[in-house]
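>>> with the sequence up front, the predicted model follows.
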Amino acid sequence: MIEKELWHPVALADALTDAPLAVELLERNLVLWRDGSGAVHAWADKCPHRGARLSLGKVCAGRLECSYHGWQFESKGRCVHVPALPEFVPPVGHAARTYVCAEQYGLIWVRMVASHDAVTHAMPVFEAEQDAQLRKVNCGPYDVATSAPRIVENFLDMAHFSFVHEHWLGSREVAQIADYTVEPTHTGIRATGCRAVQPKSNLHSVAAAQVDYTYEVTAPYAAVLTKSPEAGSVAVAGWREAIALFICPMGHERSRVWFRLAVADFTSLDQTLRDFQHTIFTQDQPVLESQNPKRLPLDLRAEAHTSVDKASSAYRRFLSQQSITFGVIP
């Protein structure tokens, strides 16, 4: 399954401290832990001895210790100590199943493969990360009872602004969506020329404004939008922002969501920025969880479409071309 080769976010980096942390990815239970150097590791949450969850254990002198019989595993996964047999030298096969992991964008990412050499898929790119004039803040996690592709498709959709986000990102009196351009990219799709009239497009809006959007799907379960409101409509001079959507597909119909904000605001509290994003996404969440089926149909004949939906239609075609099977209906 190609999804195992992709990079997936599984936890906030600062949520993993001295104790092991249980997470779920692609219907598999994983344990995250940090060794004595602070390096992060991602393993199957299962002791090879009797199947107990390693996340119930603890970190001892840079090793992960199982809570059941105290077996200790070094950072590469091999058991190096069995307390019941102090002189015993465990063979190579007495080892935990390990996966590739990394820290990026304030998150811990996992590939469900054993080696960096096994895959060629790159981590989703967030170009605004390199812009020192934009402040970065993570929002989430949000656990959502729907598939990851449904969440990405909603992120790409502007026609719901006037109804789901009325008085915030849209107004039913100005619900029309102008034509825009969609083109394929090597990571997914890019939509440009997207415009919406928004009463309150961001935390510092002082007037309704036309906002220019660009959307880009950066991986099957990740996307980025950039927003540029009309000059004079925002209290902060030179306001601009980019928002990355990163999703962990825990199950076919269960997802964990983070947003990473990159905003021209170095004065507001982190929580103030998060509160605005929280307001917007919790308007989306009940609608997302109501959609039936929860898995995204890739056959374009399965649901009705209009020209306004060209971004989501292109996204569905991309998933099909990539042979994505998790969270979709082929």
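Ah, there it is. The model shown is predicted, which means the values in this text are computed figures rather than measured ones.
>>> element containing residue 277?
helix 270-290 (DSSP states H and E).
>>> just the CA atoms of that helix, as PDB, please.
C-alpha atoms of helix 270-290 as PDB (Å, rounded to 0.1, in the frame of the first residue of the first chain):
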ATOM      1  CA  ASP A 270      -0.300  32.100  20.300                       C
ATOM      2  CA  GLN A 271      -3.600  31.200  21.900                       C
ATOM      3  CA  THR A 272      -5.300  34.200  20.300                       C
ATOM      4  CA  LEU A 273      -4.200  33.000  16.800                       C
ATOM      5  CA  ARG A 274      -5.200  29.500  17.700                       C
ATOM      6  CA  ASP A 275      -8.600  30.600  18.900                       C
ATOM      7  CA  PHE A 276      -9.500  32.200  15.500                       C
ATOM      8  CA  GLN A 277      -8.500  29.000  13.600                       C
ATOM      9  CA  HIS A 278     -10.400  26.900  16.200                       C
ATOM     10  CA  THR A 279     -13.500  28.900  15.500                       C
ATOM     11  CA  ILE A 280     -13.300  28.300  11.700                       C
ATOM     12  CA  PHE A 281     -12.500  24.600  11.900                       C
ATOM     13  CA  THR A 282     -15.100  23.800  14.500                       C
ATOM     14  CA  GLN A 283     -17.600  25.200  12.100                       C
ATOM     15  CA  ASP A 284     -16.400  22.800   9.400                       C
ATOM     16  CA  GLN A 285     -16.100  19.700  11.700                       C
ATOM     17  CA  PRO A 286     -19.800  18.800  12.200                       C
ATOM     18  CA  VAL A 287     -20.400  19.200   8.400                       C
ATOM     19  CA  LEU A 288     -17.400  17.000   7.600                       C
ATOM     20  CA  GLU A 289     -18.600  14.300  10.100                       C
ATOM     21  CA  SER A 290     -22.100  14.400   8.500                       C
END
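>>> helix or strand next in line after that helix, which one?
Heading C-terminal from helix 270-290 (DSSP H and E), you reach strand 296-297.
>>> mind pulling up the pLDDT for residue 146?
At residue 146, the pLDDT value in this model is 98.
>>> so it makes contact with residue 253?
Yes: the pair residue 146 and residue 253 qualifies as a contact (Cβ atoms under 8 Å) at a distance of 6.1 Å. Glycine gets a C-beta too; all of them are placed from N, C-alpha and C.
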